[in-house]
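*Asks:* A predicted structure for the sequence below; I have some questions about it.
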Amino acid sequence: DSGVTQTPKHLITATGQRVTLRCSPRSGDLSVYWYQQSLDQGLQFLIQYYNGEERAKGNILERFSAQQFPDLHSELNLSSLELGDSALYFCASSVRGVTYNEQFFGPGTRLTVL
Amino acid sequence: DAKTTQPNSMESNEEEPVHLPCNHSTISGTDYIHWYRQLPSQGPEYVIHGLTSNVNNRMASLAIAEDRKSSTLILHRATLRDAAVYYCILRDEWGGGADGLTFGKGTHLIIQP
């Protein structure tokens, strides 16, 4: 158990809909990362937050957005969903978000878009 | 981040040592070498990281070539639970961690009982 929790575990929805994925980092971790894992693209970094502020963006689509709240939990919002958005979404956290800090990954949310 | 090259898959027997290679010929002086693994149906898991010297922890050892253009993750006594995809990732020290991990395809390690 990494100490990172993600809800829900599974999510099934239809094209065009909007969903919110939630992540609670390990106690004391200030940095939260979101990743997407699909069969064709592999594991891709989406976005990072540090202590409530956006720190870095990766391959995140404009239809996707995220935020980190004062209690440090984070939410990833996916809108206008397409079939290709079906994937595993992982959240990870680290202490300070510096290079040598290890990232702790949650169990993931499996999103299926029908 | 600089690119890494790993074999697509490797096979080993249970209770034997496993050496997982990674080539990173374009590594810069400030790149840390990180290894993560992903067990089936789980999120990635940190294994080990190093900069220049060899490193040991409870999970594995990391051997770094003198010129740092390659490294080897060593599992001293593989168990069935070590069957996973292993990723070798370079991270720039001066990046401040202000970016995510760049995962390649990794090495799929198969452990035979």
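*Replies:* Yep, that arrived.
*Asks:* which residue does chain B bring closest to chain A?
*Replies:* Proximity of chain B to chain A (C-beta to the nearest C-beta) peaks at B:Gly100, 2.7 Å away. Every residue, glycine included, has its C-beta placed from N, CA and C.
*Asks:* you'd agree that residue is up against A:Gln48?
*Replies:* Yes: using C-beta atoms under 8 Å, B:Gly100 is in contact with A:Gln48, at 6.0 Å.
*Asks:* joint contacts of the two?
*Replies:* Between them, B:Gly100 and A:Gln48 share these contacting residues under C-beta atoms under 8 Å, 6 or more residues apart in numbering or on different chains: A:33, A:56, A:58.
*Asks:* dump the residue contacts of the second one.
*Replies:* Listed by C-beta under 8 Å, 6+ apart, the contact set of A:Ala56 reads A:47-48, B:98-100.
*Asks:* Which residue, neighbours along the chain excluded, lies closest to the residue nearest the centre of chain B?
*Replies:* Taking C-alpha atoms, centre = their mean, the centroid of chain B lies closest to B:Trp35, which sits 3.3 Å from it. Computed as C-beta to C-beta, 6 or more residues apart in numbering or on different chains, the closest residue to B:Trp35 that is not its neighbour in sequence is B:Val47, at 4.2 Å.
*Asks:* Next: A:Gln6.
*Replies:* Nearest one to A:Gln6, counting by C-beta to C-beta, 6+ apart, is A:Gly106 at 4.0 Å.
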